[in-house]
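Chemist: quick check, what structure comes out for this input:
(one chain, ligands or ions: 2)
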Amino acid sequence: MPGKGESHAHGDEQPVSVVALHRHPFRVTVIGSGNWGTTIAKVVAENTAQHPHLFCKQVSMWVFDEKVGDEMLTEIINTKHQNVKYLPNIDLPTNLVANPDLIDSVRDADILVFNIPHQFLGRIVDQLKGHVKPHVRAISCLKGFEVGRKGVQLLSSYITDELGIQCGALSGANLAPEVAKEHWSETTVAYQLPKDFRGEGYDVDHRVLKVLFHRPYFHVNVIDDVAGISIAGALKNVVALGCGFVEGLGWGNNAAAAIQRVGLGEIIKFGRTFFPECKVETYYQESAGVADLITTCSGGRNVKVAKMMAKTGKDAFEVERDLLNGQSAQGIITCKEVHEWLDTCEMTKEYPLFEAVYQIVYNGVPMKNLPDLIEELDSFVTEDDDLSGSDLSRSDLSRSDIADAAVVDNEGPLVDA
Ligand SMILES: NC(=O)c1ccc[n+]([C@@H]2O[C@H](COP(=O)([O-])OP(=O)(O)OC[C@H]3O[C@@H](n4cnc5c(N)ncnc54)[C@H](O)[C@@H]3O)[C@@H](O)[C@H]2O)c1
Ligand SMILES: O=P(O)(O)OC[C@H](O)CO
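Modeler: Ligands and ions are numbered 1, 2, ... in the order given. Below you'll find the model as predicted:
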């Protein structure tokens, strides 16, 4: 949401107060170059060029390199200044430099912006260990969870734990193709100052992050609730699959709205149950909340994949491959992660929509059963839905307590990192 005195007009103005910096400018690297990775790199590079006192002008963008025609994608980006595979027909700033070498791309960075499909995060983070500067700060633009030995984790917490660096998140109603075309939208950045914060003007804080991400066409609100925006961003992808199923079956807008209603309830319940630090108001006040649910269910890749599944009878992975040209529908993986976590907690019945989506995607349960699956279990949810009451005795156990118990049972992590 725009700050006091800012306008929503799409113009060239930069309604962000300038930060006085007492150190050398921050150097920024974007890790990832897919549809959203490239779009956010464009946003960031436009801002670093506009604020040279605060940021080094050149922005590095790590590319998981591949051949496109006869040329490497990195080479094409650096000569044609377009990501012809993942963000075609969008001109990129010339101060955005693609780099296929992960370690080299982060070597001097002060701010890392993670932006890859979340199933690849574990391997990327492993490679980065020992190669980032000690006081580097990070923002995760990924939507998903890590489910492993520590239970269900926010991706920002996973990055913090694995690399020992402070990490916030950016999430909002942001379909990349629209942001890339500079059509106005809003987003939410969430960041908490670390214990070793070096002081205003010396370190990354809310004002620095606002200047880094805010554009006249991309309005940023910076808050503290990293958990709230991350949970909403991850789980709306699962809801979007459900929405796509009923739309693909031709059931229309009422059915889609019903899925979103149930989905929003499950998102909020999941947050309050497993991440009590998140704030309920984030879900309705921030772009990262219900607004992202609406946009994703209207025009996102998850809804497109699910619609095509309904129309063709093909499985999720086949449709993703046929439809998305290398891009990822994150809900396919997230619904499995959520199922594994809820199963560990013996709570699948309390999240009927999430469970139904998982069963449809992975176990061939017919999509037309969705209303019954939700209805049947909904009564169970309403009986036990007082989140402030004793039914939440499981929240007395930490997420890692539950995960530890599961690891003993299973003799291994729930999902490999
Ligand atoms: N695209 C959007 O509209 C959008 C908007 C907001 C948030 N997000 C989130 O941003 C994150 C990144 O999404 P995206 O749209 O940039 O990616 P994408 O879906 O376009 O995925 C393609 C990218 O994955 C990379 N890739 C493929 N195999 C890889 C591997 N083995 N290791 C590392 N990288 C590999 C490709 O090189 C390419 O850069 C996701 O979590 C997504 O949910 C996306
Ligand atoms: O295209 P989707 O479904 O991955 O959604 C994209 C964004 O997350 C919308 O904010």
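
Chemist: any idea how the protein splits into domains?
Modeler: Here the chain is described, according to automatic domain parsing, as comprising the domains 28-224, 228-396.

Chemist: the last one close to ligand 2?
Modeler: Yes: using Cβ under 6 Å from any ligand atom, domain 228-396 comes into contact with ligand 2 via 237, 240, 292, 295-296, 300-302, 330. The way it works is simple: take the backbone N, C-alpha and C, and place the C-beta from them, glycine included.

Chemist: ok so, going back, need the domains of the chain in a markdown table (columns: mean pLDDT and mean neighbour count).
Modeler: Output for the domains of the chain, formatted as a markdown table (pLDDT from 0 to 100; neighbours: other Cβ atoms under 10 Å):
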| stretch | mean pLDDT | mean neighbour count |
| --- | --- | --- |
| domain 28-224 | 98 | 20 |
| domain 228-396 | 91 | 20 |
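
Chemist: got these as JSON lines, with distance to residue 21 columns?
Modeler: Shown next, in JSON lines, are those (distance: least, Cβ to Cβ, whole Å):
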{"stretch": "domain 28-224", "distance to residue 21": "5"}
{"stretch": "domain 228-396", "distance to residue 21": "27"}
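
Chemist: a markdown table for these, including distance to ligand 1?
Modeler: Formatted as a markdown table, the domains of the chain follow (distance: least, Cβ to the nearest ligand atom, whole Å):
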| stretch | distance to ligand 1 |
| --- | --- |
| domain 28-224 | 2 |
| domain 228-396 | 4 |
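
Chemist: so which of the ones you listed comes closest to residue 22?
Modeler: domain 28-224 (4.1 Å; Cβ to Cβ).

Chemist: so how far is that closest one from its chain's centroid?
Modeler: How far domain 28-224 lies from its chain's middle: 12 Å, per Cα atoms, centre = their mean, to the nearest Å.

Chemist: cool, stretch 218-235 as well?
Modeler: Relative to the mean C-alpha coordinate of its chain, stretch 218-235 is positioned 9 Å out (Cα atoms, centre = their mean).

Chemist: nearest to ligand 2 among the residues of domain 228-396 next to ligand 2?
Modeler: residue 300 (2.5 Å; Cβ to the nearest ligand atom).

Chemist: residues in contact with the residue nearest to the closest one when sequence neighbours are not counted?
Modeler: For residue 300, ignoring the flanking residues on the chain, the nearest one in space by Cβ to Cβ, 6 or more residues apart in numbering is residue 240 at 5.5 Å. Listed by Cβ atoms under 8 Å, 6 or more residues apart in numbering, the contact set of residue 240 reads 293, 296-297, 300, 302-303, 306, 331.

Chemist: show me which of these is closest to residue 82.
Modeler: When those are compared against residue 82 (criterion: Cβ to Cβ), the nearest one is residue 300, at 22.8 Å.

Chemist: residue 218 versus that closest one, what's the distance?
Modeler: Counting by Cβ to Cβ, to the nearest Å, the separation of residue 300 from residue 218 is 17 Å.

Chemist: quick one: the strands in the stretch 101-250 of the chain?
Modeler: 111-114, 137-140, 145-148, 151-154, 166-171, 185-190, 218-223 (DSSP state E, counting those that start in this stretch).

Chemist: so is the second one next to ligand 2?
Modeler: In other words, strand 137-140. No: Strand 137-140 does not reach ligand 2 (Cβ under 6 Å from any ligand atom); its nearest approach is 13.0 Å.

Chemist: partners of that strand in the sheet?
Modeler: strand 111-114 (parallel), strand 166-171 (parallel) (DSSP bridges).

Chemist: pretty sure residue 29 is touching residue 56, no?
Modeler: No: counting by Cβ atoms under 8 Å, residue 56 is not a contact partner of residue 29; they are 10.2 Å apart.

Chemist: need the max-distance pair from the contacts of residue 240.
Modeler: Largest separation among the contacts of residue 240 by Cβ to Cβ: 293 and 306, giving 14.4 Å.

Chemist: minimum distance to residue 360: which of the strands paired with strand 137-140 has it?
Modeler: Closest approach to residue 360 among these is made by strand 166-171 (25.3 Å; Cβ to Cβ).

Chemist: so the closest one versus strand 218-223, what angle?
Modeler: Interaxial angle of strand 166-171 relative to strand 218-223 (axes from the mean of the first three to the mean of the last three Cα atoms, to 10 degrees): 130 degrees.

Chemist: contacts for strand 166-171?
Modeler: Strand 166-171 is contacted by residues 40, 113-114, 137-141, 143, 154-157, 159-160, 187-194, 204, 209, 213, 226, 229-230, 232-233, 287-288, 292 when judged by Cβ under 8 Å, 6+ apart.
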